[in-house]
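Asker: Sequence first, predicted model second:
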Amino acid sequence: MAELRRALIVWGVLALAGLAVFGLSLAIGSVSLDAGQLWQALSGADDGTAGAIVRELRLPRAAAAFACGGLLALSGALMQVLLRNPLAEPYVLGVSGGASTGALLSMLLMLPQWIVHTSAAGGALVSMLLVATLARRDLLNPKVQGGHQEAGARLLLTGVILAAGWGALITLILAIAPESRLRGMLFWLTGDLGGTAAYGAALATLIAALLLAMPMARALNVMLLGETVAQSLGVRVGRVRLATFLISSISIAAAITTAGSIGFVGLVVPHMVRLAWGNDQRLLLPASVLLGGTLLMAADLIARTVVAPTQLPVGVITALLGVPTFLYLLLRRPR
């Protein structure tokens, strides 16, 4: 009961922080709104400019930022357990490179925006299938040729090689792209929530991914002790590894398709939660989702207001916010 009470307190504090940042994201901008105007806009009582700004621009953008931040953080937390590597992050298996290649190719051909998003999803799926095919033995049977550590290393190496290949294609596309399209491509590569109008798919994916991951939390805790210990306690290691890979890959694919390639969140947020509240996956996974979503909403709010009307790449802001916070938590951690 004490652990549950502690988890509920942590989740409650993070949820309140998320709601506060969400409210600020809706109220602050080129047109600032007070609480009364914001309520009228959300309830539909205001059909004027303020209502349109909130319902059609700020609400979708804030909701997409929360969903993508939560997906990135959840994917990062799962990847760090899957690979047993504290430096693992959502993009380490090349899913981001596949999505970026598909999206940039569509942008190069001047295709409609919905095709850009579809191409990003298709590229992420292709990359995920390539990794799953090339490293299927390491996902399903990590005891083959050297045990869990070597299996994780081979899986990581497979992703790194694929990411390098996608990176070469991305560089080629940028090299031949007209200058008029380079700005949009670079914004997409660093994360862009400016044109986000639909967030339902990302939010639904976040809810589904968390619901699927939570029943595995106890098994993930045991797997941190080692494969032999996990198997002796009845954990089906191969099945858990495959499920973890699929959930994290689909999560990062949904985030990239919605908002482009946003770095840093998936690497740092799980560490921030781990340093602050421990490494119990039952607490860490939901806390990472809440903190990741809140962090990305705050970063997007800063990106669109700090030098308004110019908008900054949101990925730059996530790094500027996350680095000092992470270093502070790391340095104040008891030895």
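Answerer: Yep, that arrived.
Asker: what about the closest residue to L134 other than its chain neighbours, how many neighbours?
Answerer: Using C-beta to C-beta, 6 or more residues apart in numbering and skipping the chain neighbours, the partner closest in space to L134 is T158 (5.1 Å). From N, CA and C alone the C-beta is placed, and that goes for glycine too. T158 is flanked by 19 other residues according to other C-beta atoms under 10 Å.
Asker: any idea which helix or strand carries T158?
Answerer: T158 belongs to helix 147-176 when assigned by DSSP states H and E.
Asker: elements contacting that helix?
Answerer: Packed against helix 147-176 by the contact rule (3 or more C-beta pairs under 8 Å, 6 or more residues apart in numbering; DSSP states H and E) you find helix 59-83, helix 95-108, helix 113-134, helix 136-140, helix 179-190.
Asker: I'd like to know which of those lies nearest to L225.
Answerer: helix 59-83 (11.4 Å; C-beta to C-beta).
Asker: Show me what the closest one is packed up against.
Answerer: helix 2-27, helix 147-176, helix 200-213, helix 217-223, helix 237-259, helix 265-277, helix 281-305.
Asker: Check the model's average confidence along the longest one for me.
Answerer: When you say that, I think you mean helix 147-176. Per-region confidence: helix 147-176 scores 81 on mean pLDDT.
Asker: Now it: buried residues?
Answerer: Under the neighbour-count criterion of 16 or more other C-beta atoms under 10 Å, helix 147-176 has 148, 151-152, 154-156, 158-159, 162-163, 165-166, 169-170, 173 buried.
Asker: now the fifth one
Answerer: Using 16+ other C-beta under 10 Å as the burial criterion, the residues of helix 237-259 that qualify are 237-238, 240-259.
Asker: chain center to stretch 175-186, what's the gap?
Answerer: 25 Å (C-alpha atoms, centre = their mean, to the nearest Å).
Asker: Could I have the CA atoms of that stretch written out in CSV?
Answerer: Provided in CSV are the C-alpha atoms of stretch 175-186 (Å, rounded to 0.1, in the frame of the first residue of the first chain):
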residue,chain,number,x,y,z
ALA,A,175,21.7,17.9,-50.9
ILE,A,176,19.5,17.8,-54.0
ALA,A,177,16.5,19.7,-52.5
PRO,A,178,15.8,23.2,-53.7
GLU,A,179,16.6,25.9,-51.2
SER,A,180,13.0,26.9,-51.0
ARG,A,181,12.1,23.6,-49.3
LEU,A,182,15.1,23.2,-47.1
ARG,A,183,13.7,25.3,-44.2
GLY,A,184,10.6,23.1,-44.0
MET,A,185,12.7,19.9,-44.1
LEU,A,186,15.1,21.1,-41.4
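Asker: Please identify the buried residues of it?
Answerer: 177, 181, 184-185.
Asker: okay, the helices and strands packed on helix 147-176 in JSON lines with distance to I53 and mean pLDDT next?
Answerer: JSON lines is the format used below for those (distance: least, C-beta to C-beta, whole Å; pLDDT from 0 to 100):
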{"stretch": "helix 59-83", "distance to I53": "9", "mean pLDDT": "91"}
{"stretch": "helix 95-108", "distance to I53": "27", "mean pLDDT": "89"}
{"stretch": "helix 113-134", "distance to I53": "21", "mean pLDDT": "85"}
{"stretch": "helix 136-140", "distance to I53": "46", "mean pLDDT": "67"}
{"stretch": "helix 179-190", "distance to I53": "22", "mean pLDDT": "84"}
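Asker: Out of the ones you listed, which is closest to L24?
Answerer: It's helix 59-83; of the helices and strands packed on helix 147-176, that one is closest to L24 (C-beta to C-beta) at 9.1 Å.
Asker: Pull out the buried positions in the closest one.
Answerer: 59-83.
Asker: G18 contacts F66, doesn't it?
Answerer: Yes. Counting by C-beta atoms under 8 Å, G18 touches F66, with 6.8 Å between them.
Asker: list residues touching both of those two?
Answerer: 293-294, 297 (C-beta atoms under 8 Å, 6 or more residues apart in numbering).
Asker: what residue is smack in the middle of the protein?
Answerer: In the chain, the C-alpha nearest the mean C-alpha coordinate belongs to L72, at 1.2 Å (C-alpha atoms, centre = their mean).
Asker: Hmm, it is touching V265, no?
Answerer: Yes. With contacts counted by C-beta under 8 Å, L72 reaches V265, the gap being 4.2 Å.
Asker: Name the residues contacting each of the two.
Answerer: Joint contacts of L72 and V265 (C-beta under 8 Å, 6+ apart) are 292, 296.
Asker: Next, the contact list for the nearest residue to G194 once chain neighbours are set aside, please.
Answerer: Closest residue in space to G194, ignoring its immediate chain neighbours: Q311 at 5.7 Å, by C-beta to C-beta, 6+ apart. Q311 is in contact with 194, 303-304, counting by C-beta under 8 Å, 6+ apart.
Asker: any idea how far D192 is from Q311?
Answerer: Separation of Q311 from D192 (C-beta to C-beta, to the nearest Å): 8 Å.
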